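Participant: Attaching a predicted model along with its sequence, questions to come.
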Amino acid sequence: MRFANLVISGLVLLVLILPSVSAASPVIHATWTSSPPTIDGVFTPGEWSGPQIVFEAPTYPASYVLPTYVYFVNDASNLYVMVDAVGDNDDDSGDECLMWFNYNGTGYALNEVKIVGPSGTEMTTPFHAMIGYGSSPNGAVDHKIYEFSIPLSWLGVAPDQPIEFCSPKYQKGSSMGYDFSGGRDNIWPLGLIGLVPPHRC
């Protein structure tokens, strides 16, 4: 499968060009921010500008997709990601959120960004992540919300350098929004097969 890249572009924007099975790779433009979001698992108005990935039917099968909105912003130090899983209305301890990043062109994910648990679960190293459970502009019913602050230095990327990105399912769960009780998740890009270690998109 052909990879594409995520490019950190100075003070303007972050460009995520994601792996794709098609000839044309999807491109995600993350917004530059001078006011980084607070990583607290709460969708605070004004912190995030426009979802860059939307998982919903009919693009994905209705029986499989977990309706979710994914946001990316960056500053000079961190990539910030918010996964607003509006379709996950159970605060299960087995819910997960997974992303893979790779920067050396081997095709294998060297930086796994993953958090598992109920609301209130927090990670502080090597990246900061928090799981919340509440409403958002995308969904009035309480649902899982994942927020991440990922150091660019940990990803091994600097301004104007590319980095690869995907969110595959592997083993029995994970992806950008995995609902443990419902068994639904979101593999990105569309058509990516389920994988096992060694991790490859």
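Facilitator: Arrived safely.
Participant: which residues in the protein form strands?
Facilitator: Along the chain, counting by DSSP state E, strands occupy 6-9, 13-17, 27-32, 53-55, 68-74, 78-85, 96-102, 111-116, 122-123, 128-136, 139-151, 162-166, 178-179, 184-185.
Participant: low pLDDT regions in this protein?
Facilitator: For the chain, the stretches flagged by pLDDT under 70 are 1-27, 59-63, 103-110, 158-162, 169-173, 191-201.
Participant: that older thread, columns mean neighbour count on top of the strands of the chain, output as JSON lines?
Facilitator: Bear in mind the C-beta positions are built from the backbone N, C-alpha and C, glycine included. Shown next, in JSON lines, are the strands of the chain (neighbours: other C-beta atoms under 10 Å):
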{"stretch": "strand 6-9", "mean neighbour count": "20"}
{"stretch": "strand 13-17", "mean neighbour count": "21"}
{"stretch": "strand 27-32", "mean neighbour count": "17"}
{"stretch": "strand 53-55", "mean neighbour count": "20"}
{"stretch": "strand 68-74", "mean neighbour count": "25"}
{"stretch": "strand 78-85", "mean neighbour count": "26"}
{"stretch": "strand 96-102", "mean neighbour count": "25"}
{"stretch": "strand 111-116", "mean neighbour count": "18"}
{"stretch": "strand 122-123", "mean neighbour count": "16"}
{"stretch": "strand 128-136", "mean neighbour count": "19"}
{"stretch": "strand 139-151", "mean neighbour count": "21"}
{"stretch": "strand 162-166", "mean neighbour count": "24"}
{"stretch": "strand 178-179", "mean neighbour count": "26"}
{"stretch": "strand 184-185", "mean neighbour count": "26"}
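Participant: For the ones you listed, give me CSV that also has distance to residue 42.
Facilitator: Below are these laid out as CSV (distance: least, C-beta to C-beta, whole Å):
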stretch, distance to residue 42
strand 6-9, 26
strand 13-17, 22
strand 27-32, 19
strand 53-55, 20
strand 68-74, 13
strand 78-85, 10
strand 96-102, 15
strand 111-116, 15
strand 122-123, 13
strand 128-136, 5
strand 139-151, 7
strand 162-166, 25
strand 178-179, 20
strand 184-185, 23
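Participant: which one of these lies closest to residue 40?
Facilitator: Comparison of the strands of the chain against residue 40 by C-beta to C-beta identifies strand 128-136 as nearest, at 5.6 Å.
Participant: helices or strands up against that closest one?
Facilitator: Strand 128-136 is packed against strand 111-116, strand 122-123, strand 139-151, with contacts defined by 3 or more C-beta pairs under 8 Å, 6 or more residues apart in numbering; DSSP states H and E.
Participant: Residue 184 pairs with what?
Facilitator: residue 179 (DSSP bridges).
Participant: Likewise for residue 148?
Facilitator: Beta-bridge pairing for residue 148 (DSSP bridges): residue 81, residue 129.
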